[in-house]
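Trainee: A predicted structure for the sequence below; I have some questions about it.
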Amino acid sequence: MKFLLSDAPIAVESMAHDAAGGFVVFEGKVRNHAEGRSVVGLEYEAFPEMALAQGEALVQEAIERFGLLEARVIHRVGQLAIGDTAVVVQTASAHRREAFEACEWLMDQLKWRVPIWKRETYASGVAEWVVPGEAAPGPVGDEMFTRQMRLPEVGVEGQTALAGAKVLLVGVGGLAAGSMPSLVGSGIGTLGLVDADLVELSNLHRQTLFAASDIGRLKVERAAVFARRLRPDLTVHTYPVHFSEKNAEQLVSAYDWVVDGTDSLSTKLLLDRVCHRLRRPLVTASVHQFEGQLMTVQPWGPRFTDLFPEPPPDHCVGTCAQSGVLGVVPSLMGVLQANEVIKGILGLPVLDDKLLLVDFRTLEATTIWRTSSGEQSFGGSSWDIDVASVNLDHFDLVDIREPDETPKLIRPHRRVPVANCYEGEWTRPTIFVCASGRRSYRLVADLRARGLRDVFSLQGGVECLERD
């Protein structure tokens, strides 16, 4: 057995292996404080069959992942006093580096993946069960989001939506250094991290998820540790693989939103195709020296490929490694990516028909309208209706233009600016109309994504309505 449970004090026996040059022993003891509270005792409880099976599998995974020659974990159960040994992790490998890395990885994974619970008894006399992987007492939990929930656009309903959201980050580098902490801090419930790369010294000036001690280690694993330290209740899945045609659909299909953190044009085009096919919104960003660009690609709107009808070669624009980049630029663009995802989950407008260009030398920003070259964007949907095909008397008509826009509608209608339409009930069949049909189409697409079904957009907008 490589994983053992013990109800008696642990006696650590030396691990021997003739082919091993590195041996590491970690011994975790019960300390007299936790989360700022004075601890006087500890109790561990496990579901033995499940804990032994999952613990054994975890140790075997460590052996295979780090090329260990041997590994062993012993975990106490029952009552423990201050200073007692709670867990021992032992690893042996040909070289000490792998032994150290495996030992730390096992400790990180043990608390999330093996069903062992602990109850801390405090000096006040209070005893509380602390479930590994769930929010710890104190600042993590509802209190963490109090100020965010005061926003009328968020509230309890919005925070619940964030907690239920699953977001996939493809590329865990400079952009992720901005997007990931912002997403985790917002209350996103599940995070997926895709990247096969190892941390390099040249990454550290902009990829601030990592430290110098992480050099040579998998980015996804170290980023997951960062995320869990910020929010222990977060669910994180790591995928140390290259995003490719072979795995793209399987990865994307498990998530609600996708964030592109890569600097590869071919990967961006692949993300655009797969997200469009699977009807997943994609937030993509790019950086070049002092500049950044950002856009959100919704399943019904203009796509990334509409900007590149004939894709240029993958290396026509230099990567960060080739052209250089100011360290703060990827992080700033990553924060903007997180902002798009959070707004989208809350049902607020996003850059689904615009491209944002930012020059961080001058702090000048330019917004460019994007249009679709295909038919899927603004036509052919069941909610984009032609005025000639319906009897308008069977619908409520809502003009979503701004108050100063003309001409005024002659037909009976309500006038509700588009920003206020997201707060409406819309229980009756409703047709929204704007100047051209573009704003109403985006609004209806958003409302339908939130579960409303009796809402429609009028093709061609006001001009077509009045001509009829």
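Mentor: Structure received.

Trainee: just the strands in the stretch 251-400 of the chain please.
Mentor: For the stretch 251-400 of the chain, the strands defined by DSSP state E, counting those that start in this stretch cover 257-260, 282-288, 291-297, 354-359, 364-369, 384-385, 396-399.

Trainee: tabulate these in CSV, adding columns for mean pLDDT and mean neighbour count.
Mentor: In this view, the C-beta of every residue, glycine as well, is placed from N, C-alpha and C. Shown next, in CSV, are the strands of the stretch 251-400 of the chain (pLDDT from 0 to 100; neighbours: other Cβ atoms under 10 Å):
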stretch, mean pLDDT, mean neighbour count
strand 257-260, 96, 26
strand 282-288, 93, 24
strand 291-297, 93, 23
strand 354-359, 91, 17
strand 364-369, 87, 10
strand 384-385, 76, 18
strand 396-399, 93, 20
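
Trainee: okay if I get these as TSV plus distance to Leu151?
Mentor: Below are the strands of the stretch 251-400 of the chain laid out as TSV (distance: least, Cβ to Cβ, whole Å):
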stretch	distance to Leu151
strand 257-260	20
strand 282-288	21
strand 291-297	20
strand 354-359	22
strand 364-369	23
strand 384-385	32
strand 396-399	25
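
Trainee: for Ala224, find the nearest of the ones you listed.
Mentor: Closest of the strands of the stretch 251-400 of the chain to Ala224 is strand 257-260, at 15.5 Å (criterion: Cβ to Cβ).

Trainee: contacts for the closest one next, please.
Mentor: Residues from elsewhere that reach strand 257-260, judged by Cβ atoms under 8 Å, 6 or more residues apart in numbering: 165-171, 175-176, 179, 183, 252, 267-268, 271, 275, 280-285, 337-338, 341, 344-345.

Trainee: what's the answer for stretch 242-252, then?
Mentor: Stretch 242-252 has contacts (Cβ under 8 Å, 6+ apart) with 168, 170-171, 192, 194, 196, 239, 241, 258, 262, 267, 270-271, 274-275, 277-278, 280.

Trainee: mark which of the residues you listed are buried, thanks.
Mentor: 168, 170-171, 192, 194, 239, 258, 262, 267, 270-271, 274-275, 280 (16 or more other Cβ atoms under 10 Å).

Trainee: what about Ala102, distance to Phe26?
Mentor: Look at Ala102 and Phe26: by Cβ to Cβ, to the nearest Å, they are 10 Å apart.

Trainee: Gly125 too?
Mentor: Plainly put, Gly125 is 32 Å away from Phe26 if you go by Cβ to Cβ.

Trainee: those two: which is more packed in?
Mentor: Taking other Cβ atoms under 10 Å, Gly125 and Phe26 do not tie; Phe26 has more neighbours (15 against 7).

Trainee: just the helices in the stretch 51-200 of the chain please.
Mentor: Counting by DSSP state H, counting those that start in this stretch, one finds helices in the stretch 51-200 of the chain at the ranges 96-113, 146-149, 155-163, 174-186.

Trainee: number of residues surrounding Gly301?
Mentor: 25.

Trainee: with adjacent residues omitted, what lies nearest to Gly292?
Mentor: In this structure, Gly292 finds its nearest non-sequential neighbour in Met333, 4.0 Å apart by Cβ to Cβ, 6 or more residues apart in numbering.

Trainee: center of this structure, which residue is that?
Mentor: The centroid of the chain falls nearest to Val167 when counting by Cα atoms, centre = their mean (3.5 Å).

Trainee: contacting residues around that one?
Mentor: Leu183, Ile188, Thr190, Leu191, Gly192, Tyr255, Asp256, Trp257, Val258, Val259, Val341.

Trainee: reformat those residues as JSON lines; add distance to Glu43.
Mentor: Shown next, in JSON lines, are these (distance: Cβ to Cβ, whole Å):
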{"residue": "Leu183", "distance to Glu43": "35"}
{"residue": "Ile188", "distance to Glu43": "33"}
{"residue": "Thr190", "distance to Glu43": "30"}
{"residue": "Leu191", "distance to Glu43": "32"}
{"residue": "Gly192", "distance to Glu43": "34"}
{"residue": "Tyr255", "distance to Glu43": "38"}
{"residue": "Asp256", "distance to Glu43": "39"}
{"residue": "Trp257", "distance to Glu43": "41"}
{"residue": "Val258", "distance to Glu43": "43"}
{"residue": "Val259", "distance to Glu43": "41"}
{"residue": "Val341", "distance to Glu43": "41"}
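
Trainee: surely the residue nearest to Gly292 is in contact with Gly178?
Mentor: Yes. Between Met333 and Gly178 there is a contact at 6.6 Å, judged by Cβ atoms under 8 Å.

Trainee: who touches the residue nearest to Gly292 in this structure?
Mentor: Contacts of Met333 by Cβ under 8 Å, 6+ apart are Leu175, Gly178, Ala285, Ser286, Val287, Gly292, Gln293, Leu294, Val358.

Trainee: which one of the residues you listed is nearest to Gln459?
Mentor: Leu294 (29.3 Å).

Trainee: now do the contacts for the closest one.
Mentor: Applying Cβ under 8 Å, 6+ apart, we find Leu294 in contact with Val283, Thr284, Ala285, Met333, Leu336, Gln337, Glu340, Leu351, Leu355, Leu356, Val358.

Trainee: now Glu120
Mentor: Contacts of Glu120 (Cβ under 8 Å, 6+ apart): Ala34, Arg37, Val39, Gly41, Leu42, Ala127, Glu128, Val130.

Trainee: sorry, back to before: farthest-apart pair in the contacts of Met333, please.
Mentor: Distance extremes for those: the farthest pair is Gly178 and Gln293 at 14.4 Å, using Cβ to Cβ.
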